[in-house]
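A.B. asks: my questions concern the predicted model and sequence given below.
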Amino acid sequence: MSKRRILRVAVTALVVFAVLLASACEKKDGDSAAPAPTEVRIGIVAPITGDAATFGISTRNGAQLYFDQVNAAGGINGMTIRTFVEDDKGDPAEGANAWSKLIDQDKVVTIVGTVMSKVSLAGAPISQNKGIPMISPTSTNPAVTLVGDYVFRACFIDPFQGLVAAKYATQTMNVRRAAVLYDAGNDYTKGLAEVFRDEFIKMGGEIVAFESYATGTSDFNAQLVKINAVAPDVLFLPNYYNDVGLIAKQARAMGISAQFLGGDGWDSPDLFTIGGTAIEGGIFSNHFTAESTLPAAQAFVRDYEARYGQKPDALAALAYEAAMIVVDSIRRAGSIDPTAIRDAMATTNMETITGRITFDASRNPIKGAVLLEVRNGAAVYKATVNP
Ligand code: PHE
């Protein structure tokens, strides 16, 4: 036998010995009958700091409120919920780290998160590969749940939201000339811009300007000059509140008089402080209004206000709803096995604070949108649009 051969045999023997030892230990553990789990570990991921901080704080608060209510009422099948909260800072790399930490270190069995589509898109492949179900409360980009069958969401998707805005412009306002200004580095704003463009053209409208900027831009002069030159009836802004506030201000200062339209990314009290009077009259689609007359929604608004001292926005509502879906799935699974939870989640059929929820084959719920209008520094309910 050559030296190399001897070495290989020795190593193989060692490995075999180690494997036998490990399986013997395992058996011993199994013999001492593992006690039934007393807690359910659930992750929450949200941008608690950074550019979309109001989104993250609302999301964490909404989910935590429901989990605490469930614990106060006796938990899930006798188990207490323990949450592990991670801040993704609105950044995909931070999001991926949060997912890995929650799964590998904290051993969560499900994740509620996250807010921004571009960050959910970084977490989703990790959930899928590790077999840990996730439900994003508010990521509206279609690609998110297409990552795989462990990925769910609690909100409608952007093709619907873009349709709602295009319909409002062409049918309610009865105008035909629209401009679009979006963040080219964000899956959500880019996707929503494209859907609006396509739907608006299908409805007989003309897109007179389709302008973009890089993430982090705060001076929109170059794009707004071009938009001003074509005098659109509508300026569609499928962006988050901070960009929208700045764009509205700079557009009005330049003399652009177009009606501002947008999507769920506008939903923040900071929109009114940043945009001031420039954003007055702006109209956007959203997932929820605290003016909802559904009894379950009213109870949620009351409980949220009592605990946090402010009315819930759509992010808080959808995080609460996502938490409801998770708890219902674990109850019906009768187990904290992540795959059993996933299977139960796929067959969800329950009343939530926005109505009855079921998932389609791509794990998207079918839901209506509300249209809100900015009036006196607040978002006021205008109409409901069903799919
Ligand atoms: N829909 C946005 C996204 O996918 C996130 C968002 C939802 C922001 C709701 C505000 C309100 O990125």
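C.D. replies: That came through, no problem.

A.B. asks: can you name the next helix or strand after the helix or strand of the chain with the lowest mean pLDDT?
C.D. replies: Least confident element among the helices and strands of the chain, by mean pLDDT, DSSP states H and E: helix 3-31 (a mean of 52). Per DSSP states H and E, helix 3-31 leads on to strand 39-46 as the next helix or strand towards the C-terminus.

A.B. asks: may I see the buried residues of that next one?
C.D. replies: Neighbour-count burial for strand 39-46, with 16 or more other CB atoms under 10 Å as criterion, is recorded at Val40, Arg41, Ile42, Gly43, Ile44, Val45, Ala46. Glycine gets a C-beta too; all of them are placed from N, C-alpha and C.

A.B. asks: so the helix or strand that comes right after it versus strand 39-46, what angle?
C.D. replies: Using DSSP H and E, the helix or strand that follows strand 39-46 in sequence is helix 53-72. Angle, helix 53-72 to strand 39-46, by axes from the mean of the first three to the mean of the last three CA atoms, to 10 degrees: 170 degrees.

A.B. asks: residue contacts, the most centrally placed residue in the chain?
C.D. replies: Of all residues in the chain, the one closest to the mean position by CA atoms, centre = their mean is Thr138, 2.5 Å from it. Thr138 makes contacts with Phe55, Thr59, Val115, Arg153, Ala154, Cys155, Asp264, His287, Ala314, Leu315, Leu318, Ala319, as judged by CB atoms under 8 Å, 6 or more residues apart in numbering.

A.B. asks: report pLDDT for the last one.
C.D. replies: Confidence per residue is given as pLDDT, and for Ala319 that number is 98.

A.B. asks: repeat for the fourth one
C.D. replies: The score at Arg153 is 98. That number is its pLDDT.

A.B. asks: how far away is it from the ligand?
C.D. replies: Distance of Arg153 to the ligand, given as CB to the nearest ligand atom, to the nearest Å: 9 Å.

A.B. asks: now the last one
C.D. replies: When distance is defined by CB to the nearest ligand atom, Ala319 is 10 Å away from the ligand.

A.B. asks: let me know the angle separating the helix or strand harbouring that residue from strand 39-46.
C.D. replies: Counting by DSSP H and E, the element that carries Ala319 is helix 314-333. For helix 314-333 against strand 39-46, the angle by the same axes, to 10 degrees is 150 degrees.

A.B. asks: mind putting the buried residues of strand 39-46 into a markdown table with distance to the ligand?
C.D. replies: Output for the buried residues of strand 39-46, formatted as a markdown table (distance: CB to the nearest ligand atom, whole Å):
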| residue | distance to the ligand |
| --- | --- |
| Val40 | 26 |
| Arg41 | 26 |
| Ile42 | 21 |
| Gly43 | 18 |
| Ile44 | 16 |
| Val45 | 13 |
| Ala46 | 11 |
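
A.B. asks: possible to save the residues you listed as TSV with pLDDT?
C.D. replies: Output for these, formatted as TSV (pLDDT from 0 to 100):
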residue	pLDDT
Val40	98
Arg41	98
Ile42	98
Gly43	98
Ile44	98
Val45	98
Ala46	98
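
A.B. asks: drop anything exposed from the contacts of Thr138.
C.D. replies: Neighbour counting by 16+ other CB under 10 Å classes Phe55, Thr59, Val115, Arg153, Ala154, Cys155, Asp264, His287, Ala314, Leu315, Leu318, Ala319 among the contacts of Thr138 as buried.

A.B. asks: elements contacting the helix holding Ala319?
C.D. replies: Counting contacts by 3 or more CB pairs under 8 Å, 6 or more residues apart in numbering; DSSP states H and E, helix 314-333 packs against strand 39-46, helix 53-72, strand 110-112, strand 134-136, helix 295-308, helix 338-346, strand 349-352.

A.B. asks: for those, which one sits closest to Asp149?
C.D. replies: Closest approach to Asp149 among the helices and strands packed on helix 314-333 is made by helix 338-346 (7.1 Å; CB to CB).

A.B. asks: spell out which parts of the stretch 151-300 of the chain neighbour the ligand.
C.D. replies: Tyr188, Asp264, Gly265, Asp267 (CB under 6 Å from any ligand atom).

A.B. asks: export the residues you listed to JSON lines and tack on pLDDT?
C.D. replies: Shown next, in JSON lines, are those (pLDDT from 0 to 100):
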{"residue": "Tyr188", "pLDDT": "96"}
{"residue": "Asp264", "pLDDT": "96"}
{"residue": "Gly265", "pLDDT": "96"}
{"residue": "Asp267", "pLDDT": "93"}
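
A.B. asks: any of those buried? List them.
C.D. replies: Buried members of those, counted by 16+ other CB under 10 Å: Tyr188, Asp264, Gly265, Asp267.

A.B. asks: looking at those, which is nearest Phe67?
C.D. replies: Distance to Phe67, by CB to CB, is smallest for Asp267 among these, at 22.4 Å.

A.B. asks: contacts only, for the residue in the stretch 251-387 of the chain positioned nearest to the ligand.
C.D. replies: Nearest residue of the stretch 251-387 of the chain to the ligand (CB to the nearest ligand atom) works out as Asp264 at 3.7 Å. Contact analysis of Asp264 by CB under 8 Å, 6+ apart lists Thr138, Thr140, Cys155, Gln161, Phe284, Ser285, Asn286, His287, Ala314.

A.B. asks: can you list the weak-confidence ranges in this protein?
C.D. replies: Residues of the chain meeting the criterion pLDDT under 70: 1-33.

A.B. asks: apply 80 and report the result again.
C.D. replies: Within the chain, the stretches with pLDDT under 80 are 1-34.

A.B. asks: domain assignment for it?
C.D. replies: For the chain, whose domains are defined here by automatic domain parsing, the residue ranges read 39-155+291-367, 159-286.

A.B. asks: list just the one of these that sits closest to Glu373.
C.D. replies: Nearest to Glu373 among those is domain 159-286 (5.0 Å), distances taken as CB to CB.

A.B. asks: the ligand versus the closest residue to Gln171 other than its chain neighbours, what's the distance?
C.D. replies: Spatial nearest neighbour of Gln171, chain neighbours left out: Met203 (7.6 Å); criterion: CB to CB, 6 or more residues apart in numbering. Taking CB to the nearest ligand atom as the measure, Met203 falls 23 Å from the ligand.

A.B. asks: good, wrapping up.
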